[in-house]
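pasting the structure only:
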């Protein structure tokens, strides 16, 4: 009899977080699985000028501090200087497999500023932007996304880099 | 984040999502997605690995320049580790 291997090759594929969260919450007694956003049409805006002329805005799901994590509101923070560290405990990430002590691993403001200094991008926006994670797609679509767009338009960004933890 | 990207694109601002939840982002449908097949928390690269972080950020920026169609996904060419045990341990249910 061949011994079952320790490692199941099925796990080599990308993790299905939809399946994982459904099974997890089902096991905790939730019988109404979350309906993840699904669209057939996808808007697309082509880049209209070289990146070396573009002001880049960054949107993160990290918060400025513990209070910001609890508030779960749209916010902005400075990029010059950028915060020394950020608060991440309020969002779901793989806390047993890794850590978020290095901000460059999820909010690369230092690297983006270097790229601006090297003229790879036109500029880093004077602010970065915080997006709350929420179950309510209505809130994201009708409140948070328009509020973030408004801040980014005030700062005249040309492109947005969205980096969820 | 996917919904926010869609809102920005509909208002004429190109976006790239850089993240590690492939199924959630692709099911929603976004214009440009750089996928890092890592445990959630470090989409820009392994902590303190500056060359990897710079390389992944470069790829994300290139996606603005190279994607011709919506739903363009590119996967960063890095693996977290060979065994992939971390894939089992997120939201792991008791045995």
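Thanks, I have the structure now. The structure presented is a predicted model; accordingly, all values stated were derived computationally and were not measured.

so who does residue 64 touch?
All of this is about chain A. Listed by Cβ atoms under 8 Å, 6 or more residues apart in numbering or on different chains, the contact partners of residue A:64 are A:75, A:77, A:83, A:86, A:87, A:130. Yep, even glycine has a C-beta here, placed from its N, CA and C like the rest.

sorry, should have said chain B
A:47, A:51, A:54, A:159, B:14, B:16, B:32.

Point me to the helix or strand that includes it.
Per DSSP states H and E, residue B:64 falls inside helix B:50-66.

Give me the mean pLDDT for that helix.
Per-residue pLDDT over helix B:50-66 has a mean of 98.

What's the first helix or strand after it?
Next element after helix B:50-66 (DSSP H and E): strand B:72-75.

Identify all contacting residues around that next one.
Under Cβ under 8 Å, 6+ apart, the answer for strand B:72-75 is B:22, B:26, B:31, B:32, B:33, B:34, B:35, B:36, B:37, B:59, B:63.

OK, contacts around the third one?
With contacts taken as Cβ under 8 Å, 6+ apart, residue B:31 has the following neighbours: A:42-45, B:5-6, B:9, B:14-15, B:67, B:70-72.

same deal with the fourth one?
Contact partners of residue B:32, counting by Cβ under 8 Å, 6+ apart, are B:14, B:15, B:16, B:17, B:63, B:64, B:67, B:72.

do the last one as well
Applying Cβ under 8 Å, 6+ apart, one finds that residue B:63 lies in contact with B:16, B:32, B:34, B:72, B:74.

cutoff 6 Å now
B:16, B:32, B:34, B:74 (Cβ atoms under 6 Å, 6 or more residues apart in numbering or on different chains).

Make JSON lines out of those and add pLDDT and secondary structure.
JSON lines is the format used below for the contacts of residue B:63 (pLDDT from 0 to 100; DSSP: H, G, I helix; E, B strand; the rest coil):
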{"residue": "B:16", "pLDDT": "98", "secondary structure": "strand"}
{"residue": "B:32", "pLDDT": "98", "secondary structure": "strand"}
{"residue": "B:34", "pLDDT": "98", "secondary structure": "strand"}
{"residue": "B:74", "pLDDT": "98", "secondary structure": "strand"}
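
most neighbours, which of these?
residue B:32 (28 neighbours; other Cβ atoms under 10 Å in any protein chain shown).

what distance separates stretch A:37-44 from the centre of its chain?
Here the centre of stretch A:37-44 is set off from its chain's centre by 18 Å, with Cα atoms, centre = their mean, to the nearest Å.

try stretch A:28-41
For stretch A:28-41 - counting by Cα atoms, centre = their mean - the centre lies 19 Å from the chain centre.

Please work out which residues outside that stretch touch it.
Here stretch A:28-41 has contacts from A:18, A:22, A:137, B:3, B:24, B:27, B:28, B:29, using Cβ under 6 Å, 6+ apart.

next one: stretch A:127-139
A:37, A:58-61, A:72-73, A:75-77, A:79, A:91, A:148, A:151, A:155, B:4.

Next, residue A:130: phi, psi?
phi -110, psi 130 (degrees, to the nearest 10).

Tell me what it is bridged to.
residue A:60, residue A:75 (DSSP bridges).

Briefly note if the helix or strand of chain B with the lowest mean pLDDT comes near chain A.
Taking mean pLDDT, DSSP states H and E as the measure, chain B has helix B:86-89 as its least confident helix or strand, at a mean of 89. Yes. Residues of helix B:86-89 are located near chain A by Cβ under 6 Å from any Cβ of the partner chain, namely B:86, B:87, B:88, B:89.

what's the neighbour count on residue A:157?
Residue A:157 has 26 nearby residues by other Cβ under 10 Å.

Which helix or strand contains residue A:97?
Short version, using DSSP H and E: residue A:97 is in no helix or strand.

hey, where'd the strands end up in chain A?
A:55-60, A:75-78, A:123-124, A:127-130, A:159-163 (DSSP state E).
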